[in-house]
Each structure stands twice: as structure tokens, then as C-alpha cells.
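A.B. asks: curious how this folds, go ahead:
(2 chains)
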Amino acid sequence: MTAYALSAVQVLAVAVGGLLLKGLMAKVRARAEGRVGAPVTQPLREVVKWLGRESPRATGGTLMGVVPVVLVVTTALAAALAPLAGVGTAGAAGADALVVVFLLLTGSLALALGGLATATAFGGMGASRAMTLSALTEPALLVAVAAFAVPARSMNLASLVRHSLAHPTGVASPSHVLATVALLVVVVAETGRMPVDNPSTHLELTMVHEAMVLEYGGRDYALVSLGESMRLGLLLGLLATLAVPWGVATSDSAWALGLGLVFLGLKAGALALGVALVEVRSAKLRLFRVPELLAAGFVLAALAVVVGVVVR
Amino acid sequence: MSGLDDGLLDLASVAVLALGVAALWRRDVRALIGLLRAQGVALALVASVEALAGHDVALGATAALVLAVKAVAVPWVLGRVAASDPGAREGAPLINVPSSLVLAAALVGLAVVVGAPLARLSSGHAAALAPLGLATVLVGYLVLVTRRRPLSQIVGLLIIDNGVALVTFLLTSGVPLVIELGGSLDVLLVVVVSTTLVGAMRARIGAEELDELEGLRD
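C.D. replies: Below is the predicted model of the structure:
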């Protein structure tokens, strides 16, 4: 029973926390640029507002109604499985890293299909770009998680986190450091943050993610927006859990789980703050330069695996 | 050796390799020199950790020498040449950057497989890291053969040298000080001669990209 409660709390935390993290990053950016900026809760309010509106859909846009639901459901499933606040989630025994990556990929694929479904120029362009980048980020993501899995000799996320909690010095091992950096690159690319994609524009020829979701409106757009920020929350949470596992609850007591939730919020918030500060200081890369960054992420992840095998 | 020494040795050796791989990623020549400087510092750290763990005064002196030559003198000489041509970038390497990075990952894997006998040469913790030095040598070769600018090629050559030095420190706890002194001076000499050559080429021909030197002119 606790397992299901923990999973439900995690999904809720990722949904609300993801939107708050998005607001936090926008706030940090505004402050760094000398503006006051919208309140941190702004994305949350916007989603609630859009949820109450009807969704205009293009002709032949049945897929547009399905895509947001698929995106939110797959991300919620991944958030329910992954050990974010505690390791004892429902279905933790099956919470393989491959399953979580597959669920995330299903969401990206659904978004790309939705971009193509409307048959507009922007949608197709965005979908094609997103798939090109995704073909480079997904292997890097898998290899980076595999690097975390080498010391535990298991791809199961829960046993991986348990192992690294039992061996706290492993956090400073070179393999761990390299894999963390690689995963950071992947998270930035997957969530469409600054050096890879510009999340704050809607009218630029270089945009990737916003081009795909340009045709959505009302409730559909609310769900897409929610799904996207859930991905942000999930990926930042996963990165925090894998890189610095301290605070993740291993017992079933409510105190430990509550503490785990607080730690999750603190770690993800700190990461979001870091990403936002890097964003402020960096310009968007040209689209043709992005594969170089992603290849660097991949080679770091590959190095992490090799080093993890060599250095015992 | 204690656990802390082992951990530091791990981090420093991996840093030497990772900085070598990063040289494939960066295009700005001055950034490459910065990477080389950091690699020299990491190499000196490897030597000094081993010197402290083995209470070896000669190795400590070698570490100081490595720091002076590879982290200070060589980058300074290269930096002077780079400063005369600010904004120099590696425009179009023979193999594009993403492919060369993936190739580097494959080379590192190869080095670990081929270098397994090296790791068995001695039973210590340091010897297990020796394949990383071999991987650095291979990555240095890749920089050397795929880059077109002479300065980037010199950086590639120096990465190879750093890789060889890493293998030496890890397997034999360093060579005698006299040999290391000779080797370091050789490296410094090579760098001075080749940078002078680059300067002369630039002064006489106005270009330094080797591909532009194929045709003859009056």
C-alpha cells in the first residue's frame, strides 16, 4: 500500500514540482536580466487556466487529441516507477533504466507525430529536428545511466540507488563524475533548454520544440505544457537521484519518505538554479553545432562506462 | 597506498584522458592550449600522488619538473604564437567533430581491450589505470591526423607525449630524473622549433593551413 502511495506522491510532486521548476528557471533568468519577472507559480496558473478552455483542432487533427494524453501518461508512469523520493515505489522491481528511457522516448515520439499530424511547415520542421536531436540524446542517456549501473552491476534503478547509498565514496569516483556531466548535457537537450533550444521564443526559425506544439490550444496545450514540465521535473529529479543519492528514502516510514521528498525538491531546485544560470550566460548554439555538443555528451558517457570497468 | 591516494590517482588519470578527448571537441586554438595546460596539471598530480605515497623524493622532483614544463612553459610558448593570430579556429577538420568524438569513444574502448596485458604487468592499483594512458596516446594521434592547423597538430603531439608519460608514471612510478629531464627538454625544444616554423610560414606565405601549401608559386 505504501508503495502505491509513494508512487502517487511522486507523480504529483513531479507534476507540480516540474511546473514550479519551470517558473523558477524563468524567474532566475528574469532577475539575471534585471527584470522582476513573473511569479514562480505562473506556469502552474497558466496550465490551470488553459485546462478550462476548449481545444481548437486542425482538420484531421484526431491525433492532436491523443498526443498530449500519451505524453502525460508515459511521463507519469516513468515518474511513478523511478526512485525519486524513495526506492520502494510500486513496481520498483521492474523499474529498469531501459523502461524509464523507453517511456520518455514514447513521449518524444508522440510529440513528433503530433507535430507532423497537422501537416504545417513548422510542425514538420520541428518534428524532424526533434527526432534528429533525439537520435543523439537517447543513446547518450542510455549509456550514461549504464555508467551509473556499472558499480551496482544492475540496471534496476532502485537497486542502483541502494548500492550507491551503501557506498557513499563512489560519488567522487571518476566514472560517477563523468556520467553526471554526460547526463546533465542530456537533460539540457531533452528538456529543450538554452544552448540546444530556446524555450522562450515562438517565432524563430531555429526553434525545435515550440515548432512542434505551435498548433495546440486550450486543454490540449495545457496537457502538452504539463507533460513537458513533468519531463523537466522527472529528468532533473532522476539526475539528482543518480548523481547525489543522499536523502532518498530506503525505508517505508512516513518520516523518511517526507524527508526524501524535501531532499528531492532541494536537489532538483538547486540543479534547476544551476541550469538557469548557465542558460543566462550562454547563447543558443547553431542547429548544426548541437550534434557536436550531444556527441561530446555521448563520448563522456562512453568514457564513464569504460572508466567504471577499468577503475575498480 | 591509502584509499584517498587511490581515489586521487583515479581522478587525475581520468582527467588526463578526458581533457585529451575534449581537445577533439573544442575548435578555438586558445581553448586547446588551456586544455593542454590543465592536462599538464593533472599529469603532475598523478606524479606527485605517487611520490607522496611512495615517499619518493626523486619522483617529487619529477612532478615539479612536469608541472613547470607541461603546465607552464609549453602552454606559454604556444600561447605566444596563438596570440599573434587571435581568433584562430579549427575551421574544417578532416573528420567532423561528432564523428571524431564517436571515433574517440571507440579508440578508448580499443585501448582498454588491447591494454589489458599492460594492466597485469604489476599488481598495484596504479597499473590497472595504465590502459587510460594508452587511450590518451590514441586520442592524441586522432587529434594529430585529423586537424589541419599546425598549432592544433602540435597540441595533438603533446597529448601523445602526455599519454606516454601517464603510462610511465602508472607502470613504473616514473623513470629516473635524468631521463625525465632529457625528455621534457626534448618536448620543449620540439615545441619551440615547431612554433618558430609556424611563425616563419605565416610571415613568408601568409597562411599556415597545410592544405594551402600544395601549389607552388613565385
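A.B. asks: give me the element the spatially most central residue of chain A is part of.
C.D. replies: Centroid-nearest residue in chain A, with CA atoms, centre = their mean: A:L235, separated by 2.9 Å. Following DSSP states H and E, one finds A:L235 within helix A:218-243.
A.B. asks: now look at that helix and say if it contacts chain B.
C.D. replies: No. Using CB under 8 Å from any CB of the partner chain, helix A:218-243 never reaches chain B; the gap is at least 15.9 Å. Yep, even glycine has a C-beta here, placed from its N, CA and C like the rest.
A.B. asks: buried sites along that helix?
C.D. replies: Buried positions in helix A:218-243, judged by neighbour count with 16 or more other CB atoms under 10 Å in any protein chain shown: A:219-243.
A.B. asks: correct me, but the residue nearest to the centre of chain A touches A:E190?
C.D. replies: Yes. At 5.9 Å, A:L235 and A:E190 qualify as touching, with contact defined as CB atoms under 8 Å.
A.B. asks: tell me where the model's unsure across chain B.
C.D. replies: In the predicted model, chain B carries pLDDT under 70 at residues B:1-2, B:86-87, B:91, B:174, B:206-218.
A.B. asks: with adjacent residues omitted, what lies nearest to A:G247?
C.D. replies: Computed as CB to CB, 6 or more residues apart in numbering or on different chains, the closest residue to A:G247 that is not its neighbour in sequence is A:F263, at 2.8 Å.
A.B. asks: distance of the one you found relative to chain B?
C.D. replies: From A:F263 across to chain B, the span is 25 Å (CB to the nearest CB, to the nearest Å).
A.B. asks: that residue: which element?
C.D. replies: Assigned by DSSP H and E, A:F263 belongs to helix A:254-281.
A.B. asks: find the residue closest to whichever residue of the stretch 51-200 of chain A sits closest to chain B in space, skipping its chain neighbours.
C.D. replies: Per CB to the nearest CB, A:P174 is where the stretch 51-200 of chain A lies closest to chain B, at 3.6 Å. Using CB to CB, 6+ apart and skipping the chain neighbours, the partner closest in space to A:P174 is B:V14 (3.6 Å).
A.B. asks: which residues of chain B lie near chain A?
C.D. replies: Applying CB under 8 Å from any CB, we find that chain B lies next to chain A at B:3, B:7, B:10-11, B:13-15, B:17-18, B:21-22, B:25, B:97-99, B:101-102, B:104-105, B:108-109, B:112, B:119, B:128-129, B:131-132, B:135.
A.B. asks: quick one, which of those residues are buried?
C.D. replies: Buried members of these, counted by 16+ other CB under 10 Å: B:7, B:10-11, B:13-15, B:17-18, B:21-22, B:25, B:97-98, B:101-102, B:104-105, B:108-109, B:112, B:119, B:128-129, B:131-132, B:135.
A.B. asks: mind checking which of the residues you listed are in helices?
C.D. replies: If you go by DSSP state H, these have B:7, B:10-11, B:13-15, B:17-18, B:21-22, B:25, B:97-98, B:101-102, B:104-105, B:108-109, B:112, B:119, B:128, B:131-132, B:135 in helices.
A.B. asks: mind listing what's buried in the longest helix along chain B?
C.D. replies: Using DSSP H, we find that the single longest helix of chain B is helix B:177-205. For helix B:177-205, burial by neighbour count (16+ other CB under 10 Å) applies to B:E180, B:G183, B:S184, B:V187, B:L188, B:V191, B:S194, B:T195, B:V198, B:M201.
A.B. asks: by contact count, what packs against it?
C.D. replies: Judged by 3 or more CB pairs under 8 Å, 6 or more residues apart in numbering or on different chains; DSSP states H and E, helix B:177-205 is in contact with helix B:57-66, helix B:74-83, helix B:150-172.
A.B. asks: turn these into CSV, columns for mean neighbour count.
C.D. replies: Shown next, in CSV, are the helices and strands packed on helix B:177-205 (neighbours: other CB atoms under 10 Å in any protein chain shown):
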stretch, mean neighbour count
helix B:57-66, 19
helix B:74-83, 19
helix B:150-172, 23
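A.B. asks: nearest to A:R289, of these?
C.D. replies: A:R289 sits nearest to helix B:150-172 of all those, at 18.0 Å, using CB to CB.
A.B. asks: tell me the angle that closest one makes with helix B:57-66.
C.D. replies: Interaxial angle, helix B:150-172 versus helix B:57-66 (axes from the mean of the first three to the mean of the last three CA atoms, to 10 degrees): 170 degrees.
A.B. asks: give me the helices and strands touching helix B:150-172, please.
C.D. replies: helix B:3-25, helix B:29-54, helix B:74-83, helix B:125-128, helix B:130-146, helix B:177-205.
A.B. asks: mind running it again at 6 Å?
C.D. replies: helix B:29-54, helix B:130-146, helix B:177-205 (3 or more CB pairs under 6 Å, 6 or more residues apart in numbering or on different chains; DSSP states H and E).
A.B. asks: chain center to the longest helix of chain B: distance?
C.D. replies: 14 Å (CA atoms, centre = their mean, to the nearest Å).
A.B. asks: that one versus helix B:150-172: what angle between them?
C.D. replies: Relative orientation of helix B:177-205 and helix B:150-172, computed by the same axes, to 10 degrees: 170 degrees.
A.B. asks: got the angle between helix B:177-205 and helix B:29-54?
C.D. replies: Using the same axes, to 10 degrees: helix B:177-205 against helix B:29-54 is 180 degrees.
A.B. asks: for chain A, what lies in contact range of chain B?
C.D. replies: A:P174, A:P291, A:E292, A:A295, A:A296, A:V299, A:A302, A:V306, A:V307, A:V310, A:V311 (CB under 6 Å from any CB of the partner chain).
A.B. asks: wait, isn't A:G297 in contact with A:A182?
C.D. replies: Yes. With contacts counted by CB atoms under 6 Å, A:G297 reaches A:A182, the gap being 5.0 Å.
A.B. asks: with adjacent residues omitted, what lies nearest to the residue nearest to the spatial centre of chain B?
C.D. replies: When chain B is reduced to its mean C-alpha position, the closest residue under CA atoms, centre = their mean turns out to be B:I159, at 1.9 Å. Ranked by CB to CB, 6+ apart and with sequence neighbours excluded, the top spatial neighbour of B:I159 is B:G140, at 3.3 Å.
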